[in-house]
Every structure is written in C-alpha cells, then in structure tokens.
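1. From the sequence below, what's the structure:
(chains A and B)
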Amino acid sequence: METLLPIFVAAVRSGTPILYATLGEILTEKAGVMNLGLEGIMLMGALSGFAASLWGGSPLIGLAAAFAVGACLGLIHAFLSVTLGSNQVVCGLAMTMFGGGASALAGRSYIGMTIPGLDSWSIPVISKLPVIGRIFFSQDIMVYASFALVFLMMFFLHRTRPGMNLRAAGDNPKAADAMGLPVAGIRYLYTVIGAGLVALGGAYMSVVYNKFWAEGMTAGRGWIAVAMVIFAIWNPLQAALGAYLFGGVETFQLRLQAAGARVPAPLLMMLPYLMTILVLLFISAGKGHKVSLSAPAALGIPFYREERE
Amino acid sequence: MAGLKFRDVGDVPLVEMKGITKRFSGVTANRDVSFSVEAGEVHALLGENGAGKSTLMNILYGLYRPDKGQIFVQGKAREFHSPKDAIAAGIGMVHQHFMLVQTHSVWENMILGMKETPFILPRKKIQDRIAEISEQYGMQIDPSAAVWQLSTGEQQRVALLRMLYRNAKVLILDEPTAVLTPQESEKLFGTIRRMTREGHGVVFISHKLKEVMSEAGRVTVLRGGLNAGTVAASKTREEALAEMMVGRKASLGLERKPMARGDSVLEAKEIHVLGDRGIKAVNGVSLCLKRYEIFGVAGVAGNGQRELCEALSGLRPLISGEISVNGARMDRESPRSFIDEGVHYIPSDRKGTGMASGMDIVNNSILKKYWSKPVAKGFFIDWGTSADYAEEIVESFGVSVSSLSTPVRNLSGGNLQKLLMGRELSGTPNAVIVMHPTWGLDVSATHYVRDQILARRESGSAILLISEDLDELMALSDRLAVMFKGEFMDVLDNPGTVPIKEIGIMMAGGHKRPRTAASKADREASR
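-> Numbers count the residues shown, from 1 in each chain, chains lettered A, B, ... in the order given. Here you go, the predicted model:
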C-alpha cells in the first residue's frame, strides 16, 4: 500500500484537469449544445491562467482569468451554434484549432518561465484519515473545489428548478419552449459556464500541476474529456471516476518511465489514451442502450421556434 | 395554490381572436380568421390538414406571432410574445406530440417552466398537488413515473394535467383522439365534460366529424387558411360540415370486391424482435400474408407495429422465429434480398425511412432499383432510364411536381406519399407492407391512397396494412389482427361483423374475444 499510495495521490492531481473539462462539457451537453473545442479552450485557459498568475502575482488571479477567457470562448461557440445554428462539430473543431494556434503564438514569450503556482493545503483533521486522507484531502484547493463541484452539479441537475430547465432544453427544446422557457438563453448560459470550467481544467495544468507553460501542453486531454462525458453517461460522479482512472494510468506510466522500465517511452505514453479507447469500446458494447437513454436527446441540434415541420 | 377562479364577466368570451393573418415564407396559413371560446363550451376547430388549424391555435398559445389581428382575453387586448404570456393569461395547449420531456418524470414535466416553483424542487408538495388535480378531473397518473415509460394515452393525460396545474382556463387540444383507442377517447371526453362543467373553455381540433358532432357546442371550419364558417353542432349535419371542409361535394366510397384468397407469400412464425431501447417489442407473432388479401393490424401506436413491419421487410433482426417468402427461409437475409423477392415496405416515417429527403425525385425513384438492370449498367447508373422511370411513377400516380430534380423534402405530404406508393407499388409486388398510409393526408389524397391499395389487392399482391384509423382498417381489411404489447390479441376473419367496441377493448389489452363456435367454424372454412 505504501508504495501505491503516492501513485493514487498523483492520480487525483493528474485527473483533475480532465475532471474540470468533463464537468464543463457535461453541463453544456445537458443543455443540448455540443462543444468539441475543449482542447483549444483548455490550451487558452492554460496560457491565460499562467500569464495572469505571472503578472497578477497570484495563482487565484490566474485561475479567475482562465475562467473568464474560457467563458468568452464559450460565448463565441454559443453565438455560432445557438444564434447562427451552425454545425456544432465544425465549430468545435475550429475552436480547437484556434485555441491551439492562438495559445502557441501568444505564449512564445512565456516558454521557459515558471511561477510559484498554487500550493497544496491539507485539510486539517480529515487529511489525517488513513489512506483516504492522503489521497483526497492532502491536495490543493482546486482539487477540493472539484469535489464540491461534482456534488453540486449532481444536486443542481436533478434537484433544482434551473437544473431541470437545463435538462429540458437539452432533451426536448420544443417542449421547453412550449412551456415558456427561454431555450436559447439557457443554452447560452451553460455553454459559457461550461467553457469556463473547461478553461479552469487547462489552467490547473499550467498554474497548479506543472507551474509552467508549454505549447500544446494539454496533450489531447480535451479530447479525452469529450470521451469521458460518454464514459460517465453524463453523470458527474462517474466523470470523477473516469478522470481519476485516466490520471492513474498516466501517473503509473510516468513512474514506469522514471523507474527505467525497458519499454520504449512513446509506448508507455500511449497507455492512458489506449485505455480511453478501450473503455469507450467496452461502454458502447456493454451499455449502449443506457448511453442512448442518458444522452440529451436534442444534443447538437439547433432549435428555432418558427421552423415548420 | 388556490383553486380555479373565474371572473364573472357576463357575455364576454374567455378568449377572442379577431382578423388573424399569418404567413410562412410566402404561404398564407391563416387569412383574416376570427374565433372565440366561451366559458363552459367545447368549440371544435375542424379542417383538413394544412387548413391552418394548428397554426391558428399556436398563435393563440403564443408560439407563433400573427402578422395581423388581435387577441382578446376576457375582453382585454393582449399580445403574446411566447407561450409564457399565454399561460399567464390562462391559455393552455396540449399538442399532438404532447411536448413532454421523455426522460423527465411526470412531476418534473408538470412544473416545467413554472417560475413560481422554488429553487430546490419540493417534490412531495408537487406530487400531492398533482394527486389533488387528477382526483378533481378523474385522471389517474403516477407522478413519479418517467414519461417514456407511459403509454400514449397516459402521456396525453400528463400534458392535459400540466395545463390544469397551471390554472389554464382555456384548453386547446390538438387532435387529441388521433392517438387514442376508442375507450381512451371516451375517457377523454368524460374529462372534457368535467372541465366544461367547471367553467373551462375547450378548443377541440379535429378532422373526425363524428366526434365533433357529439362533443362540440360550436364548430368552426377552416379551409385553406380561411374561416369557412362557425355553426352550432346541433344545427348542422356531418355531410354539411364535410362539404365546408373540402369545399365541394366529395364521394368517398370505396369498393372492396370479394376475392378468393390466393397462395401464401410471406409467412412469419413466432417471431420475437427487440425495439430501439433494447426492450422486446414483438413478442411471438405469427402471420401469413396471402395473395388477393389485405391483412390489417389494429393497435395504438407503439405496441410493436413498426418493429413488426421492419422485421417483415428484413430491416430488423429477429431474436427468434422464422420468416419465409414464397416458401424460402429469409430471416437471416439482408433487406435487399427482401426487396429482390418482391417484398416492399411503405413506412409511416416517409421522409426518414421511406425517402432520402435531400435527394431529388429521380434518385428516390430508383432507391430500390439502382443495383439491377436496366437502371444499373455495370458499375454505372443509367440516368436516362432512371429519369424515364421516375417520370412514369410521377405520371401514373399523379404526383404533382414542377420538376424531377426537386428534392423530395419540398413535396407536400400527399405528393410525397404518392411518390412513395408509386415506387413501392409499381410492377406487381409479391407482398406490400404499408404502415399508416393515410396519416396526415387530406380527404382526396386519402381516398387515392386507399384506392391504390385496393387495386394492388386485386392484381394479386399480399398486403399487410397497419393503421391507427379503425374506420380505414374496417373498410380495407379482409382479416384483422389486433396488436397489443407486441402480441396479436386475436385475428378476426370477418372484421366487418365485429363491433368496433370489442376491437377497442383488445387494443387496450382487454380480454381476447371469446371464440364462439360460429367464429371457429368460420376460421376453419377460410383456411
């Protein structure tokens, strides 16, 4: 156990960026908008978070800036997909390319710099719990915030009025509209907030996890998050499970590399991604029906009222 | 929430619409239509498809905004920007497709969009209130069930209760009986009477004359977007209303010649089929389609009819059972082999399953021919031959189109169905599976389609006809099965002699008809 414990601790940290991105995407997709631009938004979040921490002198300023930048990108996506009704897959891909390119260009001067970043802070008393205390409660506040977010989102989606409205907009916008709900407004709101969360995931990598900026540093985690949404069948708690699983495999392969395993490093680095593909295969084979039941029925379909059948 | 309170406003109608005009990209859906609803009355809105009934009511419900005209609620001019405004003014609508969120529970649907609901949903309180209202109007419902698990009739009850929950004074019901069994319709009428007794005004959209005559106080007929007249139901007759609807006298009789039953073409033995959600949809159905015969299947939509059709045309795999065509086992064969064996399918989902809606008429005409001569020339398609073939269908089935290169999604419902029928019925198909052939068609197109089905019967095709319209089934079928929860409740040899009420009971899963000695003898004789 003692040798495995550090892996678990690191797994939670390594999974946190994906968790934020997955939660953000769940929120957006539940409202009926598909945002495939996660990778780009995460990169923009990572860069703006790093830059703002550097200039503002506080990691919290960095995180706030990242959220704001993500929200702005979300606003663009919402305008394209809700107001203009364009193809959401294409918009998302464009966002990915834009985020990747723009962050690389704007981030050139930050390469090689480091920031103090966000330190870990053990929660008094409960961090002394055996095993659990080490893994979950001797981390940093962003990790704790992500735990809170998981449960908040579960509660929000299923127990509150706005949460119900959100689900209605994603499942049957026509019905939501007929009951007087502002479908477009709802979709805007959760696309913006969702993208903000996605950017926080990116910022976690640059401000908390690595404390530096590098071009393309999210290394496909945005795409992993898109996959995790399906793995989680749009359930925040299962999203945490998926994110930590990815984090675990990622950490494990890093340790193997560090220990000098005689396996080519690129092969090891493939592991977390391979696992994601396998898990998705398993899901679609095993509980395809459950996926189709949980998926927001109107996901990715623009909604206009005066369209006649 | 308090109970219903109506202001006593004397003779002022609950709702009045004056001079409503609405255009959709060049098409005038309503032109200068006036309409009103009084407290305690059922006002029927009658008309053919496309006459503008739904548009008019969607305007009253705030979904569409009129280009011209005004709406008065209890004498006060009101402008509705969205359904929210209409609901606030006491107007509720139950759409044909209910507008329910399938994955939500009944109680969640009930309060959807209600601003006064607290942030954290008070589930218990809401459920109690639902129980109270359903008691008051005599509609049983389980508030915690998920909507997708409910039957169509139950879903309609949810949609109706939802409006009563919001204290709607005027209830607009858009073709509410189209999806119900006769018994469920009876129950609904009971509820409607209860509502009018309580002082509600009810707008009843329909194209079924019988119901309108028996349930409505006043009747307004729309034709081509115009108000063709408002009359008291007690002072008119069905024929007069039909004439107002169609604008001319229409003969609608069908002649089904007696024919000797021919050889069997398509046979299914104990087939079991899964539905889209992975739940068994067809549960051990056996049937045998014979030449010169129409085999009807009655039932409320969603009882496995579509899955049955898809299984019989090779589109949906069986989990067990056998299908044979002309004596050869076919249940492991591809849809194409079914087509090549002359088994044709006319689905109810014309634009989705029946046609490639973005493609033009020529392409759609050859959808089931492009791999064989003369349309296919080796690797290539002979477009000249294809166009000739499309032309032939368009001409012989009276499809009215400006050009063969029109995408089929631009065709009207009637023309689309004619094209689809033309593609599937050309030549002499061995077997034709037809689902809801007249759904959404107007009176003359309906007549045409039924006539074509009968013509195919006379030329020797075996026909499976699935419909929700009992009158249609009674008029066309030589034999009639009643389907409920994936099973045939019974197969009637002389459907014309069975009271419609009995069929209704079976449609609702009631007891199978007791087999009398006579009907048994009948059965033996017909074999």
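2. Which residues of the stretch 101-250 of chain A lie near chain B?
-> Proximity of the stretch 101-250 of chain A to chain B (Cβ under 8 Å from any Cβ of the partner chain) is limited to residues A:159-162, A:164-165, A:167-168, A:171-172, A:174-181. Just so you know, the C-beta spots here come from the backbone N, C-alpha and C atoms, and that holds for glycine as well.
3. PyMOL command for the buried members of those residues?
-> Selecting only the buried entries of those in PyMOL, with 16 or more other Cβ atoms under 10 Å in any protein chain shown as the criterion:
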select buried, chain A and resi 160+161+164+165+167+168+171+172+174+175+176+177+178+179+180+181
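4. In helices, which of the residues of the stretch 101-250 of chain A next to chain B fall?
-> Filtering those for membership in helices, criterion DSSP state H, returns A:159, A:161-162, A:164-165, A:167-168, A:171, A:174-178.
5. Look up how far chain A lies from residue B:490.
-> 32 Å (Cβ to the nearest Cβ, to the nearest Å).
6. Residue B:337 too?
-> Relative to chain A, residue B:337 is positioned 27 Å away (Cβ to the nearest Cβ).
7. show me the contacts for that residue.
-> Residue B:337 is in contact with B:314, B:330, counting by Cβ atoms under 8 Å, 6 or more residues apart in numbering or on different chains.
8. How many residues are close by residue A:84?
-> 10 (other Cβ atoms under 10 Å in any protein chain shown).
9. mind pulling up the phi and psi values for it?
-> phi -90, psi -20 (degrees, to the nearest 10).
10. what pLDDT does it get?
-> Residue A:84 is assigned 94 on the pLDDT scale.
11. ok, it to residue B:282 distance?
-> 43 Å (Cβ to Cβ, to the nearest Å).
12. for residue B:291, same thing?
-> Distance of residue B:291 to residue B:282, given as Cβ to Cβ: 24 Å.
13. Show me which of the two is the more surrounded one.
-> residue B:282 (30 against 20).
14. what is the more buried one paired to in the beta sheet?
-> Counting by DSSP bridges, residue B:282 is bridged to residue B:273.
15. can I assume it is in contact with residue B:306?
-> No - between residue B:282 and residue B:306 there is no contact under Cβ atoms under 8 Å: 9.6 Å.
16. Can you report how many residues lie near residue B:501?
-> 10.
17. Look at it and tell me its secondary structure.
-> Taking DSSP: H, G, I helix; E, B strand; the rest coil as the rule, one finds residue B:501 in the helix state.
18. ok now do residue A:9, which residues does it touch?
-> By Cβ under 8 Å, 6+ apart, the contact list for residue A:9 reads A:134-135, A:138-139.
19. list the contacts for the residue of the stretch 1-150 of chain A found nearest chain B?
-> The nearest approach of the stretch 1-150 of chain A to chain B comes at residue A:30, 10.7 Å away (Cβ to the nearest Cβ). Neighbouring residues of residue A:30 by Cβ under 8 Å, 6+ apart: A:157, A:166-167, A:170, A:190, A:234, A:296.
20. Can you tell me which of the residues you listed has the most neighbours?
-> Counting neighbours by other Cβ under 10 Å, the top entry in the contacts of residue A:30 is residue A:170, with 30 neighbours.
21. Tell me the pLDDT of the residue of the stretch 1-150 of chain A closest to chain B.
-> Reading off the model, residue A:30 has pLDDT 96.
22. in the stretch 201-309 of chain A, which spans are helices?
-> Using DSSP state H, counting those that start in this stretch, the helices found in the stretch 201-309 of chain A span residues A:221-231, A:236-258, A:265-286, A:288-294.
23. Which pLDDT value goes with residue 179?
-> No chain specified, so I'll use chain A. 88.
24. The chain in question should be chain B.
-> 73.
25. for residue A:60, same thing?
-> With respect to pLDDT, residue A:60 scores 94.
26. do the same with the one 3 residues further on
-> Reading off the per-residue confidence, residue A:63 sits at a pLDDT of 96.
27. Okay, now the unreliable bits of the stretch 151-300 of chain A?
-> Scanning the stretch 151-300 of chain A for pLDDT under 70 picks out A:286-293.
28. at 80 what do you get?
-> Across the stretch 151-300 of chain A, residues meeting the criterion (pLDDT under 80) sit at A:282-294.
29. how about the residues of chain B near chain A?
-> So chain B meets chain A at B:24, B:61, B:63-64, B:82-85, B:87, B:93, B:95, B:98-104, B:108-109, B:111-113, B:117-121, B:162, B:276-278 (Cβ under 8 Å from any Cβ).
30. Low-confidence regions, the stretch 1-150 of chain A specifically.
-> Within the stretch 1-150 of chain A, the stretches with pLDDT under 80 are A:1-3.
31. do that again at 90, thanks
-> Scanning the stretch 1-150 of chain A for pLDDT under 90 picks out A:1-7, A:57, A:117-138.
32. So which residues of it form helices?
-> Using DSSP H, counting those that start in this stretch, the helices found in the stretch 1-150 of chain A span residues A:5-30, A:38-56, A:59-78, A:88-106, A:132-137, A:141-159.
33. Go through these and name the closest to residue B:375.
-> Closest to residue B:375 of the helices of the stretch 1-150 of chain A, according to Cβ to Cβ: helix A:88-106, at 34.3 Å.
34. Check which helices and strands that closest one is in contact with.
-> The elements that helix A:88-106 packs onto, with contact taken as 3 or more Cβ pairs under 8 Å, 6 or more residues apart in numbering or on different chains; DSSP states H and E, are helix A:38-56, helix A:59-78.
35. Good, wrapping up.
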